[in-house]
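**Q** Pasting the sequence and the predicted model now:
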Amino acid sequence: MGSPWSELLANVAIVAMFVSVWIHTHVWIDRFGAVARNGAFGLLMGVGVIAVMLVPVELLPGVNVDLRFAMIALSGLFGGPLACLVTGAMAGAFRFYEGGIGTYAGMVSIAAAMIITTTGHLILRGRQPRRTDILLVAAAVAIGSRMGLSVLPMHVVQAYLATAALPSMLLDFASIMLAGLTLYQERVRVEALNSKRIYKAVVETLPDCLNVKDLGGRFIIANPATARLMQAPDTAALIGKTDFDFYPQAAARDFRQADEAAIAAGAPMNIEQHFSHGGGAETWLSTMKTPLADRLGKTIGLISHNRDITRSKELENELAQSRMQLTDALTHMADGLVMFDASGRLLLCNEQYRAMFPATADVRVPGVLNRDILRISAERGEQQAPSDDLEAWIDGIVTAHLAADDRNVELSDGRWLNIRSRPTDNGGSLSMFSDITVAKRGEADLRAANEELNRLAHRDGLTDLWTRRAFDEALEREFGRSRRSRAPLSLLLIDVDWFKRFNDAYGHPAGDACLRAVSRCIEAIARRPTDMAARYGGEEFAVILPETDSGGAFVIAEALKSAVRDLRIGHKGSAKQIVTASIGVATFDGTGKSMDIPQFLLRADEALYGAKAAGRDRVHGWRPHAQKSVRLANRQS
């Protein structure tokens, strides 16, 4: 047996040799994946375990130790469970092969070292071990691997603890630390090398220019993009040269002044640079210049990052020119134009648009919400809005702006505007406003003249009201106008109560006089130029009320009912003892797409018979639950 020191050096040399083998071969093995790498590492450390176990160190007479635990610790910490299992299995198998009184104790210690190092690797959760991790695992293995002592005779344990425990633990700790730090430094070196390769690849493929100059303005590093910008054959042609070797003198002087300013400032600086090569092509650069300092903080050069923004500058100029042209077009166009974004905020408008709304021109400016503009317009009396449902009125207009819509609006001062709205791609809207007041007034005058001619040609001979045919034509016309303008349209159907009994009791001449009297009442309430009263058939009459909502229609109907009662025409066949009338009211709000004229008439008819079923001398509006049986019963009566 040689001296302990020579055996110790042999053990350390074996550990160092196997670590060195791994350092020189792992790059090739890494290509085959993590499983192959960890398995190979475990196999290599397992061979190392057998090698150190063949050269034990005799610390004291009869007390031999080796660095097997260092190899197991390295395998588990850097190779994971697979590597540790391979190394531990080889160590255990060889220890069993050696035999002797300490075989079982050696197996226990090997298992303890495997468990400790594998647990340490799992705690890292995939993170590579650091210096502190190596230190903790080394200490844990140096102490925990002595668990094999628990199965040895007590006198052997006492002798070992008194003489060799501390030196052997220190030897394990030191060997694990040294070998672990060597592997750690190798990993750091490989990572740094990979980072350097990645950095170089990124710099070389970077489309922007990146270069470094010394304090004299000479290039010391440059990427291919820089060489292309400076029209150099390659990056090597730039090294040692300055901007004066590639750019016109004036441009090179400007670049040098910018470099000196950044160096003097001692802080990053963003600027735009403009130059032209000999061919006359202009180039714009967005440049960041950052002083380069050494470890002591002394500036030793300048890092420049250049981005070619020539195309962006050209687009900016084109955009500015387009905006000028758009401004000219908006200024000189006859119609008003306004654009809102997706949130309903005014983006732009021309003066013609603001001039069309003089009462609210001060709020029709970019940044104001459309809802606020409409609310102020209603408050100032500029637009006709219902006082009881202002928000619904605003909602309707905002919704119309967001859809493809064409509508006419009458302002409070009597002017008419045609509004054509179209949605935009970004969720907003664009609207054109045209003043159609003159055309609208001409249309109204023409309509009034035509209606007068039509009135003269379509009069009922008995009552001098419009005929049924004239009524049908007027209803079709007004219904279509209501649908286009979204203005409400109301219809009254009037029936003289118990008129058959009146004829039977007083004779037909009296009946005719009664109908003429009722007709005068109807004419009195249908007094607007656009209102139209007709004899619907027999003792039934109809009144068309354009631009009249249900509330207004009910007021008119109640007034008519009272006017008929006020005639005080005696009627002994009626429970009221005078002539009365039942009236049905129906209203079309102009927005129902499924509503048509027959349905409109049917609603008025059902409302009329609802009034008759309720006792006559009443005004009823249309109700969805009107009973057909009630209507039939009243028809028969």
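**A** Structure's in. What do you need? Numbers count the residues shown, from 1 in each chain.

**Q** What strand or helix carries Ala534?
**A** For Ala534, the element it lies in under DSSP states H and E is strand 532-537.

**Q** elements contacting that strand?
**A** With contacts taken as 3 or more C-beta pairs under 8 Å, 6 or more residues apart in numbering; DSSP states H and E, strand 532-537 sits against helix 468-485, helix 508-525, strand 540-546. C-betas here are computed from N, CA, C, even on glycine.

**Q** can you redo the ones you listed as TSV with mean neighbour count, distance to Ile101 and mean pLDDT?
**A** As requested, those are exported to TSV (neighbours: other C-beta atoms under 10 Å; distance: least, C-beta to C-beta, whole Å; pLDDT from 0 to 100):
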stretch	mean neighbour count	distance to Ile101	mean pLDDT
helix 468-485	17	110	90
helix 508-525	17	128	92
strand 540-546	24	119	94
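
**Q** and the ones you listed as a markdown table, adding distance to Thr132?
**A** Shown next, in a markdown table, are the helices and strands packed on strand 532-537 (distance: least, C-beta to C-beta, whole Å):
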| stretch | distance to Thr132 |
| --- | --- |
| helix 468-485 | 82 |
| helix 508-525 | 99 |
| strand 540-546 | 90 |
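
**Q** Identify whichever of the ones you listed lies nearest to Arg441.
**A** helix 468-485 (15.4 Å; C-beta to C-beta).

**Q** and the closest one, how far out from the chain's middle?
**A** Relative to the mean C-alpha coordinate of its chain, helix 468-485 is positioned 47 Å out (C-alpha atoms, centre = their mean, to the nearest Å).

**Q** Can we start the residue count at 53 from this point?
**A** Will do, 53 is the new start, and the previous item becomes helix 520-537.

**Q** who does it touch, helix- and strand-wise?
**A** strand 457-462, helix 489-509, strand 541-548, strand 584-589, strand 592-598, strand 633-640, helix 649-665.

**Q** How is this structure partitioned into domains?
**A** 56-245, 259-362, 385-487, 493-688 (automatic domain parsing).

**Q** who wins for proximity to Ser374 among those?
**A** domain 385-487 (13.4 Å).

**Q** Now do the longest helix anywhere in the chain: which elements does it pack against?
**A** With secondary structure taken from DSSP state H, the chain has its longest helix at helix 217-257. If you count contacts as 3+ C-beta pairs under 8 Å, 6+ apart, helix 217-257 packs onto helix 56-81, strand 109-112, helix 120-150, helix 183-196.

**Q** tilt between that helix and helix 56-81?
**A** 30 degrees (axes from the mean of the first three to the mean of the last three C-alpha atoms, to 10 degrees).

**Q** what angle sits between helix 217-257 and helix 120-150?
**A** 120 degrees.

**Q** Mind listing residues that contact stretch 208-228?
**A** With contacts defined as C-beta atoms under 8 Å, 6 or more residues apart in numbering, stretch 208-228 is touched by 60, 63-64, 67, 109, 111-112, 115, 117, 119, 121-122, 125-126, 186, 189-191, 193-195, 197-198, 201-202, 204.

**Q** since we're on Ala302, how many residues are nearby?
**A** Residues contacting Ala302 under the criterion other C-beta atoms under 10 Å number 10.

**Q** Verify the stated contact: Ala456 with Arg474.
**A** Yes: Ala456 lies in contact with Arg474 (C-beta atoms under 8 Å); the separation is 5.6 Å.

**Q** Between the two, which is the more surrounded one?
**A** Taking neighbours as other C-beta under 10 Å, Ala456 and Arg474 compare with Arg474 leading, 14 against 10.

**Q** all strands of the stretch 353-502 of the chain, in order?
**A** Listed in chain order, the strands of the stretch 353-502 of the chain (DSSP state E, counting those that start in this stretch) span 388-392, 398-401, 457-462, 468-475, 481-487.

**Q** will you turn those strands into CSV that also has distance to Pro343 and mean pLDDT?
**A** Formatted as CSV, the strands of the stretch 353-502 of the chain follow (distance: least, C-beta to C-beta, whole Å; pLDDT from 0 to 100):
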stretch, distance to Pro343, mean pLDDT
strand 388-392, 47, 89
strand 398-401, 44, 88
strand 457-462, 61, 86
strand 468-475, 53, 90
strand 481-487, 51, 89
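
**Q** among those, which is the most enclosed?
**A** Highest mean neighbour count among these (mean count of other C-beta atoms under 10 Å): strand 388-392, with a mean of 21.

**Q** Show me what it is packed against.
**A** By 3+ C-beta pairs under 8 Å, 6+ apart, strand 388-392 packs against strand 398-401, helix 403-407, strand 481-487.

**Q** Direction included, what does that strand pair against?
**A** Its sheet considered, strand 388-392 pairs with strand 398-401 (antiparallel), strand 481-487 (antiparallel) by DSSP bridges.

**Q** now those strands in TSV, with distance to Phe298?
**A** As requested, those are arranged in TSV below (distance: least, C-beta to C-beta, whole Å):
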stretch	distance to Phe298
strand 398-401	46
strand 481-487	50
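
**Q** hang on, the earlier thing: right, so of the helices and strands packed on strand 388-392, which gets closest to Val548?
**A** Comparing the helices and strands packed on strand 388-392 under C-beta to C-beta, the one sitting nearest is strand 481-487, at 47.4 Å.

**Q** hang on, the earlier thing: now the helices and strands packed on helix 520-537 as a markdown table including distance to Leu399?
**A** Converted to a markdown table, the helices and strands packed on helix 520-537 look like this (distance: least, C-beta to C-beta, whole Å):
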| stretch | distance to Leu399 |
| --- | --- |
| strand 457-462 | 19 |
| helix 489-509 | 27 |
| strand 541-548 | 36 |
| strand 584-589 | 45 |
| strand 592-598 | 37 |
| strand 633-640 | 36 |
| helix 649-665 | 41 |
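
**Q** out of those, which comes closest to Trp74?
**A** Closest among these, once you apply C-beta to C-beta, is strand 457-462, at 77.7 Å.

**Q** so who does Val607 touch?
**A** Applying C-beta under 8 Å, 6+ apart, no residues qualify as near Val607.

**Q** Could you look up the SS state of it?
**A** Here Val607 is recorded as helix under DSSP: H, G, I helix; E, B strand; the rest coil.

**Q** pLDDT value on it, please?
**A** Here, the pLDDT recorded for Val607 equals 93.

**Q** do the same with Lys680
**A** Looking at Lys680, the pLDDT reads 51.

**Q** In CSV: the strands of the stretch 353-502 of the chain, plus distance to Ala317.
**A** What follows is these, written out as CSV (distance: least, C-beta to C-beta, whole Å):
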stretch, distance to Ala317
strand 388-392, 44
strand 398-401, 40
strand 457-462, 58
strand 468-475, 51
strand 481-487, 48
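
**Q** what's the closest of those to Asp286?
**A** Closest among those, using C-beta to C-beta: strand 398-401, at 50.5 Å.

**Q** For that closest one, which outside residues touch it?
**A** With C-beta under 8 Å, 6+ apart, strand 398-401 has contacts from 382, 388-393, 416-422, 425, 480.

**Q** The same query, at a cut-off of 7 Å, please.
**A** Leu389, Val390, Met391, Phe392, Asp393, Arg416, Val417, Pro418, Gly419, Val420, Asn422 (C-beta atoms under 7 Å, 6 or more residues apart in numbering).

**Q** which of those lies closest to Met142?
**A** Asp393 (73.5 Å).

**Q** Now do the same contact list for that closest one.
**A** Taking C-beta under 7 Å, 6+ apart as the test, what Asp393 contacts is Leu399, Asn478, Gly480.

**Q** Put together JSON lines for those residues, with distance to Arg241 on each row.
**A** Output for those, formatted as JSON lines (distance: C-beta to C-beta, whole Å):
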{"residue": "Leu399", "distance to Arg241": "59"}
{"residue": "Asn478", "distance to Arg241": "54"}
{"residue": "Gly480", "distance to Arg241": "59"}
